[in-house]
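Chemist: Prediction below, plus the sequence it came from.
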Amino acid sequence: MKTDRTPKNLRNVAPPEPLDRIDQALVTALQQNARLSNKELAARVKLAESSCHERVKRLVQRGVLRGFHADVDPRAIGAALQALVAVRLARHTSAAVATFRRAMLDLPEAMAVFHVAGANDFLVHVAVPDSDALRDLILRAFAARPEVVHVETSLIYEHARTAAFGGI
């Protein structure tokens with residue numbers, strides 16, 4: 001008997017609808033500057049303002065645009081030191097992964113959380129004031145967790161974000 005090994009949260013989900021040329025232009029423009037007014041955005045992609053507004057609304061509803069964010073310099077808010085914390089879990093159960101993921105997302109120091117394949121299970125991008133705060137964070141929020149068996153920290157010298165995906 002053949003069983004469906006697709007995770008429950010992905011079953012019966014329609015494949016994503018491909019983006020047409022205009023939707024691709026809207027996504028690219030918003031990745032470069034999410035603060036564009038609808039009027040500026042419509043002019044950039046050569047579309048009527050009402051049509052532009054409807055397309056952006058539809059991109060949000062479809063989950064293509066997941067949010068609009070401010071890119072904050074961590075140093076400006078007292079977090080001068082950034083690091084990537086690689087974490088290996090003792091067990092790879094759904095519950096352990098979900099528990100650890102939620103705990104990391106709740107950390108005020110966490111800038112991003114990546115569930116990854118390979119030698120480690122998670123990479124957590126953190127920002128803290130200094131090396132003492134980083135050590136304390138690692139001991140308190142990572143090493144003390146029962147599901148964690150290995151932690152490795154890499155300091156970040158520089159972090160730059162691309163303006164847009166090159167392929168769309």
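Modeler: Yep, that arrived.
Chemist: dump the residue contacts of the spatially closest residue to Ala80 that is not a sequence neighbour.
Modeler: Once flanking residues are discounted, Ala80 sits nearest to Pro129: 6.1 Å by C-beta to C-beta, 6 or more residues apart in numbering. C-beta coordinates here come from the backbone N, C-alpha and C atoms, glycine included. Shown in contact with Pro129 (C-beta atoms under 8 Å, 6 or more residues apart in numbering): 78-81.
Chemist: May I see the ChimeraX selection of the buried members of the residues you listed?
Modeler: Of these, the buried ones can be selected in ChimeraX as follows, counting by 16 or more other C-beta atoms under 10 Å:
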select :79,81
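Chemist: Could I get the contacts of Pro129 in JSON lines, plus columns for secondary structure, pLDDT and distance to Asp121?
Modeler: Shown next, in JSON lines, are the contacts of Pro129 (DSSP: H, G, I helix; E, B strand; the rest coil; pLDDT from 0 to 100; distance: C-beta to C-beta, whole Å):
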{"residue": "Gly78", "secondary structure": "coil", "pLDDT": "92", "distance to Asp121": "30"}
{"residue": "Ala79", "secondary structure": "coil", "pLDDT": "94", "distance to Asp121": "25"}
{"residue": "Ala80", "secondary structure": "coil", "pLDDT": "95", "distance to Asp121": "28"}
{"residue": "Leu81", "secondary structure": "strand", "pLDDT": "97", "distance to Asp121": "24"}
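Chemist: for the contacts of Pro129, which one is nearest Pro16?
Modeler: Of all the contacts of Pro129, Pro16 sits closest to Ala79, with 34.9 Å by C-beta to C-beta.
Chemist: Nearest spatial neighbour of the closest one, chain-adjacent residues omitted?
Modeler: Ala79 sits nearest to Ala127 (C-beta to C-beta, 6+ apart), 3.7 Å away.
Chemist: what pLDDT, on average, does the helix or strand where that neighbour lies get?
Modeler: Here Ala127 sits within strand 122-128, counting by DSSP states H and E. Average pLDDT, strand 122-128: 97.
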